[in-house]
Structure formats: structure tokens, C-alpha cells
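Undergrad: test case, fold it:
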Amino acid sequence: MSVPCRYGRPRRIRRGAALTLFLAGVLAAGAATGTWDDVGDTAEPAAQGRPADDGPAGSATAERAARAAERAVADGKSGTQAADDVVSRSGDRWSAVYTPGEFADFQAQLDGSYVGVGLWVRQRDDGRITVSRVQPGGPAERAGIAVGDRLDAVDGRPARGRPVTETVGRLRGDGPDGSGAAPGTPVRLDLDRGARHWSATLHRTRLHTENVTVDRPAGGDGPTRIKITAFAKGTGAAVRRALRTADPRDGLLLDLRGNTGGLVSEAVATASDFLDGGLVATYDVHGSQRALYAQGVGDPRTPLVVLVDGGTMSAAELLSGALQDRGRAVVVGSPTFGKGSVQMPTRLPGGSVAELTVGHYRTPSGRAVDGAGITPDLIAPDHAEERARTVLSGLGTGA
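TA: The predicted structure follows:
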């Protein structure tokens, strides 16, 4: 799976291991939001431990973390580390503590921007790191780096055989606190392409993500494919624009493979693009049951197939489960990851932020997602997109 170099992995695997459903303080007013993650990052084994804190236990963990941070700050120590130690002992693999710098970076990424060089990389079976995608207009493209190039070293440190997330962190220039480097800072890459070996010094810059792409991979007579890599701000509106230009007679493929989630509000907005109102999901926060509904009137007619895989997580599972339960789409691919817990943030003494699990969400039919995931209507671990087009051809026309 490709790894976007725009996002670094914080110090602990569980911190941002998958995009959490992160309902901010405005949730009390009914506005659901989400959080950030290493979008498209390589999935790692889930941490083992006791069941996640939820309900009142989440509040108790927040109080213990705040007290620990306050004591540490008073003693001249790191409040972030003290709070992180408390959260680590909670047994909740989705809860995390962020430094002020990490959280600021976190919020910028929710806005669809990041500081980096515009590269995505993947690790081959032989341990080599190769470029899998280059962002148009970014420093990497301007330096002539292309898909398929091999990345041998970053700032003189070999990349081969090292965890791909470590290479990503070096490309971003992650500091000891997990925050990324500032725009304008240099990074030196050693690369191979065939028999050519060369070095390039790039300067990181602030780039804007393109989380929604639209194409027709089967040609002019085939279905429109809408690929969503993450639910950042504006995703729902981008999908709406794509639907206006799509030919309903050929149907739609909504590709959520490798989508590790994002803003819940944008997942709901995207569901609204395909539904004529109604329930999208239910969730609980400290035992209080709440619901998310599609807004306005979307396109309920055009034939739709949703593609998922084991890298489909969190808000992407919320969307695929809603479209499946509502009978709006046929889901094709592999069972999804199973990330259905809800996190809320707490500001701690010293400026750090604890993101703690407080509940879980369910699909419109009441299915729990956490630990179970979404099971496709048609399980197709291989050639999933080809199978999806076959299914779509049998669903009729939206004209």
C-alpha cells in the first residue's frame, strides 16, 4: 500500500494508527467532526490490551491525564509525556496524546494542507522504497522525480530495509516531538532509475491535498470512478461536483480502498450526495445516543458500487456501511478494517491535547463496526474493480 510522505507518524503506533472518529467540542451542538491520520499509510498490527475505555471511563482517563500533566508541568517536566504514560496504560489503542506542534499540524491537515515534498512511497518485497505517486506542481515533480524511481537514502540515511514510516518521517523532517519541519527546509534524496544514480536537494513547501479524483478507467463508455483517499474539508462538495459531470447511464464506482478516514462531517456530506435524506449512522458519547442524518437531496438513482478493502477505516467504513444498509450501493472487495470508536479531545496543562475514546458508532441497521468492519456484498480479494464493473453493468441505468 502506498504511503503519502505528507504525513509523518507520531511517536507511538497507536497515535494516529488509523483515522479516528474524533467528535470535537462542537458535538454538543450537533456538528460532528473527525481527525487526521497517515492517509493511506501501511497498516500495522493492532495493539493488544484491555478493552478501550468508553463512557465514564473515558472521562476518568481524561481527568487522570490532566492531573499527571499538571504535576509534570509544575515540576518542570513534559506534560505531554506524563499524560501519554497515563493514556498508554488505559489499554485503548485509539486514544493518544499530542504535543501542541503535532496538534497544530493535525488541524492543518484537516484543512487539506501539509508541509512536504509531494511524494508517496511504497516498500517492495525486497525492502526497496519506490515512488508510487508524485503530486503535480510539488517540489518532487519539479525536480524530475517520477513514479517508479527508487529512493535509496534521505539526508544520507539508507531507506532500504527500514520501516517505510521511518522514511516518511525523514522526508517530512519530523522532530523529536513528532511535528514536521517548516516550509523551506531542505531534504536531500538519493535516487535510482535504471542505471542512473543521482541526488536531489528539495525544499519542503506547503501543499494542498487532492483527496478526490475522478476518471473513467474503462474508457468513454465505462463507469465514472470517484476515488476518495481521505475525508478532509471539502470532500463532500468535491464529490458533488464530480456527480454533476458523470454520465448516469454508465453508473458510478466509489473507490474507498485504502481510505483511512477523516472528518465525520465530510463522510456524512458524501453520504448526502447519494441519498435523499435519512439516517447515516448512530453513535454514543458517554452513553448518550445520537444520530447523523443525510442533508438535502442527493442522487438516489444512479447505479453505484462501492469498493473497499482492509485499508478502509473509520469514516470510510461509516460511509460504506450507510450506503450498504440503506440499499443505495453494492459493496465489493475485502472486509474493512473495523475502526468504529469515537474520540473526543481534551486540552491539557502545558498545551498538549489528549484524544480519548468515549463511545462507538453503528450503521443505520444497528451493526457495530468496531472490531468487525464492513463485510462486502461481494467478497473479491482479487480483481475487485473488474468484478465491481461487472456488478455495475447488471444494476441497470440511472438515466
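Undergrad: how far away from the center of its chain is the biggest helix by length in the chain?
TA: Counting by DSSP state H, the longest helix found in the chain is helix 56-74. Between the mean C-alpha location of helix 56-74 and the chain-wide mean there is a distance of 28 Å, by CA atoms, centre = their mean, to the nearest Å.
Undergrad: just after that helix, pick out the following helix or strand.
TA: Later in the chain than helix 56-74, the nearest helix or strand by DSSP states H and E is helix 79-88.
Undergrad: helix 56-74 and that next one, what's the angle between them?
TA: Angle of helix 79-88 versus helix 56-74, following axes from the mean of the first three to the mean of the last three CA atoms, to 10 degrees, is 150 degrees.
Undergrad: what's the longest helix of the chain in contact with?
TA: 53, 78-83, 85-87, 90, 92, 95, 97, 286-287, 344, 346, 348-350, 352, 354, 356-359 (CB atoms under 8 Å, 6 or more residues apart in numbering). (Glycine included, C-beta is placed from N, CA and C.)
Undergrad: just grab the bridge partners of residue 150 for me.
TA: residue 130, residue 192 (DSSP bridges).
Undergrad: revised request: answer the last question for residue 134.
TA: residue 119.
Undergrad: gap between it and residue 195?
TA: Residue 134 sits 21 Å away from residue 195, going by CB to CB, to the nearest Å.
Undergrad: more neighbours: which of these two?
TA: residue 134 (21 against 5; other CB atoms under 10 Å).
Undergrad: got a pLDDT number for that one?
TA: Confidence at residue 134, expressed as pLDDT, is 87.
Undergrad: quick one, what contacts it?
TA: 118, 119, 120, 140, 141, 145, 146, 147.
Undergrad: by neighbour count, which of these wins?
TA: residue 119 (27 neighbours).
Undergrad: next one: that residue from residue 132, what distance?
TA: Counting by CB to CB - residue 119 and residue 132 are separated by 9 Å.
Undergrad: what sits against residue 126?
TA: Applying CB under 8 Å, 6+ apart to residue 126 gives no contacts.
Undergrad: which stretch of helix or strand covers it?
TA: Using DSSP H and E, no helix or strand contains residue 126.
Undergrad: give me the phi and psi angles of it.
TA: phi -90, psi 10 (degrees, to the nearest 10).
Undergrad: pLDDT at it, what is it?
TA: Reported pLDDT for residue 126: 85.
Undergrad: I'd say residue 248 and residue 224 touch.
TA: No. At 9.1 Å, residue 248 does not count as touching residue 224 under the criterion of CB atoms under 8 Å.
Undergrad: ok, these two, which is more surrounded?
TA: Legend: neighbour count by other CB under 10 Å for residue 248 and residue 224, higher for residue 224 (21 against 15).
Undergrad: can you name the residues bridging to the more buried one?
TA: residue 252.
Undergrad: surely it and residue 249 touch.
TA: No. Residue 224 lies out of contact with residue 249 (CB under 8 Å); the separation is 10.5 Å.
Undergrad: which SSE is immediately downstream of the host helix or strand of residue 188?
TA: Using DSSP H and E, residue 188 sits in strand 186-193. Using DSSP H and E, the helix or strand that directly follows strand 186-193 along the chain is strand 196-203.
Undergrad: what helices or strands is whichever helix or strand comes after that following strand leaning on?
TA: Where DSSP H and E defines the elements, the next helix or strand beyond strand 196-203 is strand 205-208. Secondary-structure packing of strand 205-208 (3 or more CB pairs under 8 Å, 6 or more residues apart in numbering; DSSP states H and E): strand 113-116.
Undergrad: look up how far residue 61 lies from the residue in the chain sticking out farthest from the centre.
TA: Relative to the centre of the chain, the most outlying C-alpha is that of residue 75, 36.8 Å out, by CA atoms, centre = their mean. According to CB to CB, residue 75 stands 21 Å off from residue 61.
Undergrad: same question, residue 332
TA: For residue 332, the distance to residue 61 - CB to CB - is 39 Å.
Undergrad: where does residue 331 fall, phi/psi-wise?
TA: The phi/psi pair for residue 331 (degrees, to the nearest 10) is phi -100, psi 130.
Undergrad: distance check, the spatially most central residue of the chain against residue 384.
TA: Centroid-nearest residue in the chain: residue 260, 3.2 Å away (criterion: CA atoms, centre = their mean). Residue 260 sits 18 Å away from residue 384, going by CB to CB.
Undergrad: and residue 253, by the same measure?
TA: 10 Å.
Undergrad: okay, these two: which has more neighbours?
TA: residue 253 (27 against 21).
Undergrad: that older thread, CA-only coordinates of the longest helix of the chain, as CSV, when you get a sec.
TA: What follows is helix 56-74 as a C-alpha-only set of coordinates in CSV (Å, rounded to 0.1, in the frame of the first residue of the first chain):
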residue,chain,number,x,y,z
PRO,A,56,-17.4,7.3,32.0
ALA,A,57,-14.1,5.5,31.8
GLY,A,58,-13.0,7.9,29.0
SER,A,59,-13.7,10.8,31.3
ALA,A,60,-11.8,9.2,34.1
THR,A,61,-8.8,8.8,31.8
ALA,A,62,-9.0,12.4,30.8
GLU,A,63,-9.0,13.5,34.4
ARG,A,64,-6.0,11.3,35.3
ALA,A,65,-4.1,12.5,32.2
ALA,A,66,-4.8,16.2,33.1
ARG,A,67,-3.7,15.7,36.7
ALA,A,68,-0.5,14.0,35.5
ALA,A,69,0.2,16.7,33.0
GLU,A,70,-0.4,19.4,35.6
ARG,A,71,2.0,17.8,38.1
ALA,A,72,4.7,17.3,35.4
VAL,A,73,4.5,20.9,34.2
ALA,A,74,4.7,22.1,37.8
